[in-house]
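Colleague: need a structure here:
(2 chains)
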Amino acid sequence: MTDALVSPSPKPLLIVGDPTAAACEGDFCEIPDHHQQAVVNRALDSDLV
Amino acid sequence: MSEAIKVDIWSDVQCPWCYIGKRKFEAGAELFDGEVEVEYHSFELSPDTPVEYEGTPVQYLSERKGMPVAQVEEMLERVTGIAKAVGLEYDYDHVHQTNTVISHELLHFAKSKGRQLEMKERLLKAYFIDGEHVGRIPDLVAIAVELGYDADEVTEALESHRFLADVKADVALAQEYGIQGVPFFVIDGKYGVSGAQEAEAFANVLAQVKSERVQAEREAV
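Modeller: Below you'll find the model as predicted:
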């Protein structure tokens, strides 16, 4: 992976990937349900629950 | 395919999902069989936050969102757990909530030296893991000096706000793309990927771009 030197020109994007992936908007960072479940699952796997 | 795939990433220094997403993207780029070129772009989640905010992130979120302190604490605890799963030890007890615009200026300064990726990682680590202040010029200069930059040059760049226009240009470009949240990844100027996706999702998009390029090269022959 290297540093890039030029900036992109704006054009319409094709949005792909999981639409529920975690992101921050404004000063709030939402935690989608599947992430919370993943944390619980990891805790269960580690015998912490 | 000879050209690296360009990935433009909008991100803020105090965005917990941006650091988590960075790790997931890096893992995706590792899975991908090809070259990737990354450029980070500025995105200010809370441009009205004072540099010298006196409270904790818990107080800040509680005040701003009107959420009970216990609920915010629980939320940050969950984010901390998710960060840990990708190898990041967030320390919210020592995070300095601040305005990140000058840290974005420092990122553009580093970019002008061809060293933006290194600075991005260092600033995220400073904020989330090391409990360093990323809003004040002297603190940012200290971080830059640690990376081998000249203190006077960095101080001049930050005090003159020489790179502020570049920060604002990034923010404007994000608006043109319709980006509302971060992290946001623009891959090959064509595909938009929002949020801290799983590594496989990034690898799949990169593979898609590679496949399209190979196809285009075949058709051009």
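Colleague: The residue of chain B found nearest chain A: what's its closest spatial neighbour, skipping adjacent residues?
Modeller: Closest residue of chain B to chain A, Cβ to the nearest Cβ: B:G195 (3.0 Å). Bear in mind the C-beta positions are built from the backbone N, C-alpha and C, glycine included. Once flanking residues are discounted, B:G195 sits nearest to A:A21: 3.0 Å by Cβ to Cβ, 6 or more residues apart in numbering or on different chains.
Colleague: I'd guessed the one you found sits against B:A199; true?
Modeller: No: look at A:A21 against B:A199 with Cβ atoms under 8 Å: they stay out of range, at 11.9 Å.
Colleague: Spell out the residue ranges of the strands in chain B.
Modeller: In chain B, the strands defined using DSSP state E lie at B:5-11, B:36-42, B:184-187, B:191-194.
Colleague: Please work out the average pLDDT along the first one.
Modeller: Over the span of strand B:5-11, the pLDDT mean works out to 98.
Colleague: Comparing A:A21 and B:A199, which residue is more hemmed in?
Modeller: Ranked by neighbour count (other Cβ atoms under 10 Å in any protein chain shown), A:A21 and B:A199 place A:A21 first, with 21 against 18.
Colleague: Pick the most deeply packed of the strands of chain B.
Modeller: strand B:184-187 (a mean of 25; mean count of other Cβ atoms under 10 Å in any protein chain shown).
Colleague: Select the longest helix from chain B.
Modeller: Looking only at chain B and at elements set by DSSP state H, the helix with the highest residue count is helix B:199-220.
Colleague: Pull out the buried residues from that helix.
Modeller: Using 16 or more other Cβ atoms under 10 Å in any protein chain shown as the burial criterion, the residues of helix B:199-220 that qualify are B:199, B:201-210, B:213.
Colleague: okay, those residues in JSON lines with distance to B:G148 next?
Modeller: Converted to JSON lines, the buried residues of helix B:199-220 look like this (distance: Cβ to Cβ, whole Å):
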{"residue": "B:A199", "distance to B:G148": "31"}
{"residue": "B:A201", "distance to B:G148": "35"}
{"residue": "B:F202", "distance to B:G148": "30"}
{"residue": "B:A203", "distance to B:G148": "33"}
{"residue": "B:N204", "distance to B:G148": "37"}
{"residue": "B:V205", "distance to B:G148": "34"}
{"residue": "B:L206", "distance to B:G148": "31"}
{"residue": "B:A207", "distance to B:G148": "36"}
{"residue": "B:Q208", "distance to B:G148": "38"}
{"residue": "B:V209", "distance to B:G148": "34"}
{"residue": "B:K210", "distance to B:G148": "35"}
{"residue": "B:R213", "distance to B:G148": "36"}
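Colleague: Can you tell me which of the residues you listed are also in contact with chain A?
Modeller: Contacts with chain A within those, as defined by Cβ under 8 Å from any Cβ of the partner chain: B:201-202, B:205, B:208.
Colleague: which sections of chain A are below the confidence cut-off?
Modeller: Low-confidence regions of chain A, defined by pLDDT under 70, span residues A:2, A:4-9, A:32-49.
Colleague: Quick check: the residue of it nearest chain B.
Modeller: Of the residues in chain A, the one nearest chain B is A:A21, at a distance of 3.0 Å by Cβ to the nearest Cβ.
Colleague: Out of the helices and strands in chain B, which is least certain?
Modeller: The helix or strand of chain B with the lowest confidence, counting by mean pLDDT, DSSP states H and E, is helix B:57-65 at a mean of 89.
Colleague: All good on my end, thank you.
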